[in-house]
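**Q** Sequence first, then the predicted structure, then my questions.
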Amino acid sequence: MSSENVQTKWGQFISLIIVFFFWGFVGSANDILIPVFKKVFTLSQVQSQLVAWAFYAAYFVGSIIFFLVSLKSDVLQKFGYKKTLSAGLLLSAVGSFLFIPAATMESFPFFLTALFTVGLGFSIQQIVANPLAIKMGSPETGAHRLTLAGGINSFGTTIGAILLGIALFGMGDNKKTNLSLEDIKLPFIILGLAFILVAIFMYFSKIEDPAKITEEEAIIEHKHAKFSILDYPQLYLGMLGIFIYVGTEVTIISNLPALLKTKEFGSILEDAVAPFIALYWGSLMIGRWNGGANVFNTSNLVNIALKFIVPALGFGVIIGANIFAAHDVSSFYIYPLWILLFIAVSFVGGKNAGKTLMLFGISGLLMMVAGLVCPDPSIAKFFFISGGLFLSIMWPSIFDLAIAGLGKNTGKASSFLIMMILGGGVIPLVQGSICDLDVTHPEGILGITYTHFSYIVPLIGFAYLAFYGFYCPKILKSQGVSHVTSEGGGH
């Protein structure tokens, strides 16, 4: 193999991670749109969660279509990475431009259609970009590149909420609380144009397409095509794990504006939720950057130092972005206590995927319990937001465990796991329906509002993820599959 292939192709990789940034940017933008649409269209909380449903259901539908088409003729083999990725970006551009007629017509179903179209494009991009990031250099550092790309994705989610908040509500003394749907047009026109520019850039880039397989290889591939999910408990329990993981990640933040708007939590209105959304997604960024510190080949002492320095830098980015947007973040200065707790747990988990997942699941569960029972709402909200820290490095742990021992069927297993992103659309609806009980039962439950109590949903999610981290290594051991390390930072 030539040194060209061993070295990470940074020029190509940097252009690819722009795509990861977009996924994050739009993901957090949804959390600004949810309370805005709820107010403008007078929606119930469960109806407002259809924003998350439309976006994440598109991943499921897109993955199914891609899978069915690939059964007949492998899409990546036929069209290559560049064309497929560019097509996904152009589809997301179409979805972005659909926001313009949706705003003109003031139609909530039209907005959902636009978001669904953006999500369809993202599903194609996800299927192509994840393996492509791994292929852009040495296979040994492939998973490291994916972690690094995940950190860029989280940077997108962190500043996406702040930038869209500025675009819709202004900043500082010019801030407005009344929103016109017309204000939504310009950010999505810019986003659509950005998608087109990146699509053109990708199309003409030097990204190498997969080598065409011979007829003989195709016959061998076909022989391995028939496999049953039920033969692999690590896979079907892992599919449920991804469903619950993405659902838990999305539901905590999708329902947070409704929680903050309750009298109990300070009646925080739509124009003031962006800093909290940024802190939540920033928590995932801190966690992934912390995991990414292992990517660099350093001494143990430097590595330990990075485990503290990198989260501090991440927190600095969150505070800096909010100060730039003229938000009051004085209440955030207590949050490093949760970050230190996260760092402590990450040291105990080490690089063992099962142990890491179990410990982070238990930690997240305890944070949700603390948020439910804490008598001071000004502290309780940070327990809920800290769920982002403990979710941050779960994806690679679940993925590693779920595909362990699948050999030739790893690719198919991966596509089934991507389909389970659907959880991000389903679980917020469950929590939203609990929130809506406040309308008919204003007396609440157990001395708190139903909106507050609804955080039992992510609590149950964390419980399952802890169970999977504990149980899956036992399944793998019984199959004779060797110990799995977590790409929370490196192997």
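**A** Thanks, I have the structure now. Residues are numbered from 1 along each chain as shown.
**Q** Can you check the distance spanned by stretch 90-107, start to finish?
**A** By Cα to Cα, to the nearest Å, the extent of stretch 90-107 from end to end equals 23 Å.
**Q** following whichever helix or strand residue 382 is part of, which helix or strand shows up next?
**A** Using DSSP states H and E, residue 382 maps to helix 377-385. Following helix 377-385 in sequence order, the next helix or strand is helix 387-391 (DSSP H and E).
**Q** gap between that following helix and the chain center?
**A** Relative to the centre of its chain, helix 387-391 is centred 11 Å away, using Cα atoms, centre = their mean, to the nearest Å.
**Q** Tell me which other helices or strands it touches.
**A** When contacts are defined as 3 or more Cβ pairs under 8 Å, 6 or more residues apart in numbering; DSSP states H and E, helix 387-391 packs onto helix 233-254, helix 274-292, helix 336-349, helix 353-373, helix 456-478. C-betas here are computed from N, CA, C, even on glycine.
**Q** out of these, deepest packed?
**A** Stretch with highest mean neighbour count among the helices and strands packed on helix 387-391: helix 274-292 (a mean of 28; mean count of other Cβ atoms under 10 Å).
**Q** helices and strands of this protein: which one bottoms out on pLDDT?
**A** helix 3-6 (a mean of 43; mean pLDDT, DSSP states H and E).
**Q** would you list the helices and strands packed on helix 387-391 in TSV and tack on mean pLDDT?
**A** Shown next, in TSV, are the helices and strands packed on helix 387-391 (pLDDT from 0 to 100):
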stretch	mean pLDDT
helix 233-254	96
helix 274-292	89
helix 336-349	93
helix 353-373	95
helix 456-478	96
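**Q** looking at those helices, which is closest to residue 29?
**A** helix 274-292 (9.4 Å; Cβ to Cβ).
**Q** pull the CA atoms of the closest one into PDB?
**A** These are the backbone C-alpha positions of helix 274-292, laid out as PDB (Å, rounded to 0.1, in the frame of the first residue of the first chain):
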ATOM      1  CA  ALA A 274     -31.300  29.300  22.700                       C
ATOM      2  CA  PRO A 275     -28.600  29.400  25.400                       C
ATOM      3  CA  PHE A 276     -30.000  26.300  27.100                       C
ATOM      4  CA  ILE A 277     -30.300  24.400  23.700                       C
ATOM      5  CA  ALA A 278     -26.700  25.400  23.000                       C
ATOM      6  CA  LEU A 279     -25.600  24.200  26.500                       C
ATOM      7  CA  TYR A 280     -27.300  20.800  25.900                       C
ATOM      8  CA  TRP A 281     -25.800  20.200  22.400                       C
ATOM      9  CA  GLY A 282     -22.500  21.700  23.700                       C
ATOM     10  CA  SER A 283     -22.500  19.000  26.400                       C
ATOM     11  CA  LEU A 284     -22.500  16.400  23.600                       C
ATOM     12  CA  MET A 285     -19.700  18.300  22.000                       C
ATOM     13  CA  ILE A 286     -17.700  18.400  25.200                       C
ATOM     14  CA  GLY A 287     -18.100  14.600  25.600                       C
ATOM     15  CA  ARG A 288     -17.100  13.800  22.000                       C
ATOM     16  CA  TRP A 289     -14.100  16.200  22.100                       C
ATOM     17  CA  ASN A 290     -13.100  14.600  25.400                       C
ATOM     18  CA  GLY A 291     -13.300  11.100  23.700                       C
ATOM     19  CA  GLY A 292     -11.500  12.500  20.700                       C
END
